[in-house]
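**Student:** Provide a 3D model corresponding to the input given below.
(one chain, ligands or ions: 1)
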Amino acid sequence: MSKLSLDRILQSQGFGSRKYCRSLIEDGEVAIGGSVVTDYRLTPELDGLSFTLFDDEWTYRAQVYIALNKPANFECSRKPSHHPGVLTILPEQFSWRDVQPVGRLDHDTTGLLLMSDDGAFIHAQSSPKRHVPKVYAATTHDAVTEELIAQLLGGVQLHDEPAPLAAVTCRQLDTHLLEIVLEQGKYHQVKRMLAAAGNHCSALRRTAIGGLQLEALELEEGEWCYLEQAQLDLLVPA
Ligand code: URA
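**Tutor:** Here you go, the predicted structure:
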């Protein structure tokens, strides 16, 4: 790995401008291996680097991959208008690193949302050519029927789509609860498909992306975690 001076390292991790990061170091706010470091020109080994800043422990990450259990009433858009943005849930330095949601969930949809500052990863994950199944638990207004499931599996026509869209799989979990798996990520797709099939989605939660299950991450709503390589490997198409 190439060498970076400590002020640049802190800047790359989203802790502020280079000048500000220098001042943090010179003020004795940064420690490595338990010893305060006041020389910003120090070039520590990046691989496995941990440091404390204001007594919080951080590990250097060239790029971050995050899973958030999204609560309702947060927007995924860059310029949220009616609700706070999902980035406000994460520590501030992730905004400085330009962490972005991977795709979007509606403001009232909860569950698994990936976030990253790796543009290539975001692009690859969001590409319609990449058929990564996304699993949703949809609460329905009217009871689930076999006919509803057959319609969703057979394909329903949405207004602005050239061809009917079908669920990859769809199964009943409860009287008013469906698990629906989609490979596309069209705008309001689950809600619109349920409406086109004559029902109404009253609550929606994303429970998995590819083989990455929200449950396995053990996150309460509003909690987040870093994703490591083994978990990222689960995001490939089946
Ligand atoms: N489908 C929807 O309707 N909304 C979401 O947030 C995700 C999928």
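**Student:** buried residues in the longest strand seen in the chain, which are they?
**Tutor:** Looking across the chain with DSSP state E, the single longest strand is strand 201-209. Using 16 or more other Cβ atoms under 10 Å as the test for burial, strand 201-209 gives 201, 204-209. In short, each C-beta sits where N, CA and C put it, glycine included.
**Student:** stretch 211-222 too?
**Tutor:** By neighbour count with 16+ other Cβ under 10 Å, stretch 211-222 contains the buried residues 212, 214, 217, 219.
**Student:** contact partners for the third one?
**Tutor:** Think L217. 67, 69, 112, 225, 231 (Cβ atoms under 8 Å, 6 or more residues apart in numbering).
**Student:** got the contact list for S202?
**Tutor:** 139-141, 176.
**Student:** can you tell me which of those has the most neighbours?
**Tutor:** T140 (21 neighbours; other Cβ atoms under 10 Å).
**Student:** ranges for the helices of the chain?
**Tutor:** Using DSSP state H, the helices of the chain run over residues 6-12, 18-26, 93-96, 119-126, 146-154, 189-196, 214-217, 229-232.
**Student:** wait, which of the buried residues of strand 201-209 is closest to the ligand?
**Tutor:** L204 (5.5 Å; Cβ to the nearest ligand atom).
**Student:** and the spatially closest residue to that closest one that is not a sequence neighbour, how far is that from K3?
**Tutor:** Leaving out its chain neighbours, the residue that sits closest to L204 by Cβ to Cβ, 6 or more residues apart in numbering is T109, at 4.5 Å. Remark: distance between T109 and K3 (Cβ to Cβ, to the nearest Å) = 43 Å.
**Student:** name the residue in those two with the higher neighbour count.
**Tutor:** Neighbours per residue, other Cβ under 10 Å: of T109 and K3, the larger number sits with T109, 22 against 11.
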